[in-house]
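Undergrad: dropping the sequence and predicted coords here.
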Amino acid sequence: MSESDFDDAVEAYRRALNAICTGDPGPVLELFSRRRRNAREPLGPPRRGRMEVETATKDAASHFQAGNIRFEEVSR
């Protein structure tokens, strides 16, 4: 992965997390692996499998409405 690709991935995840803070899980779900064994849920206990991750992410997003998030990069 090039540095530019990494920067793009970090920025995409930042945008996705801002979306989840407004109740929209879609952008976060687009970034997660679609492989059955590798999907994980960052908001809560670990989940395995796309369906479990999708359900947990949608549930987590349902608790947010008009939130926002601030990022501080401490290491790369």
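TA: All right, it came through fine. Numbers count the residues shown, from 1 in each chain.
Undergrad: show me the shaky parts of the chain.
TA: Low-confidence segments of the chain, defined by pLDDT under 70: 35-44.
Undergrad: find the centremost residue of it, please.
TA: Among the residues of the chain, the one closest to the centroid is residue 28, at 3.6 Å (C-alpha atoms, centre = their mean).
Undergrad: quick one, longest helix in this protein?
TA: Across the chain, the helix with the greatest residue count (assigned by DSSP state H) is helix 3-20.
Undergrad: any idea how far residue 55 is from residue 29?
TA: Computed as C-beta to C-beta, to the nearest Å, the residue 55 to residue 29 distance reads 11 Å. Glycine gets a C-beta too; all of them are placed from N, C-alpha and C.
Undergrad: which parts of the protein are helices?
TA: Applying DSSP H to the chain gives helices spanning 3-20, 26-31, 50-61.
Undergrad: need the contact list for residue 68.
TA: Under the criterion of C-beta atoms under 8 Å, 6 or more residues apart in numbering, the neighbours of residue 68 are 18, 21.
Undergrad: related to what we said a few turns ago, ok, the residue nearest to the centre of the chain touching residue 57?
TA: Yes - counting by C-beta atoms under 8 Å, residue 28 does reach residue 57; the two are 5.8 Å apart.
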